[in-house]
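Trainee: All I have is the shape, not the residue letters:
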């Protein structure tokens with residue numbers, strides 16, 4: 001089996017495994033997320049977010065372990081390592097952006113919920129003058 005064929009089989013198996021895991025955990029995770037997030041739209045977002053992140057992280061892990069530096073092993077497919085290293089860097093950047101998005105959203109949701117709680121209980125926000 002050529003190096004390229006082995007990589008393609010690995011990509012296929014990794015993708016199938018990650019997608020099956022997402023499908024298997026989707027329903028129980030969604031129920032938990034509805035409870036934790038407080039509403040259905042937030043739970044749907046975080047469920048989709050988790051699924052996409054899992055699949056991308058699995059593919060990144062595969063590409064991180066691919067022997068791209070062994071040009072002679074690729075035979076006639078000399079451009080493949082270049083394409084794969086670009087894909088690996090792109091996946092890493094996407095995962096970083098997803099991580100930053102998660103941090104911003106978690107902080108924003110927490111702030112929003114604190115404001116909602118204060119309004120519900122008639123409390124003034126910090127720093128606001130009392131009337």
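Mentor: Structure's in. What do you need? Small disclaimer: the values here were computed from a predicted structure and weren't measured. Numbers count the residues shown, from 1 in each chain.
Trainee: where does the protein have low pLDDT?
Mentor: Scanning the chain for pLDDT under 70 picks out the ranges 1, 71, 73, 123-131.
Trainee: quick check: longest helix of it.
Mentor: helix 80-121 (DSSP state H).
Trainee: centre of the chain versus it, how much separation?
Mentor: Mean-position distance between helix 80-121 and its chain equals 8 Å (C-alpha atoms, centre = their mean, to the nearest Å).
Trainee: can you check stretch 36-44 too?
Mentor: With C-alpha atoms, centre = their mean, you get 17 Å for stretch 36-44.
Trainee: quick one on the thing from earlier: the longest helix of the chain packs against which elements?
Mentor: helix 3-37, helix 40-65 (3 or more C-beta pairs under 8 Å, 6 or more residues apart in numbering; DSSP states H and E). In short, each C-beta sits where N, CA and C put it, glycine included.
Trainee: Deepest-packed of these, please.
Mentor: Most buried of the helices and strands packed on helix 80-121, by mean neighbour count (mean count of other C-beta atoms under 10 Å): helix 40-65, with a mean of 16.
Trainee: so it versus helix 80-121, what angle?
Mentor: 150 degrees (axes from the mean of the first three to the mean of the last three C-alpha atoms, to 10 degrees).
Trainee: Please name the nearest non-neighbouring residue to the residue positioned nearest the centre of the chain.
Mentor: For the chain, residue 53 is the residue whose C-alpha lies nearest the centre (C-alpha atoms, centre = their mean; 1.8 Å). Nearest residue to residue 53 in three dimensions, chain neighbours excluded: residue 98, at 5.4 Å (C-beta to C-beta, 6 or more residues apart in numbering).
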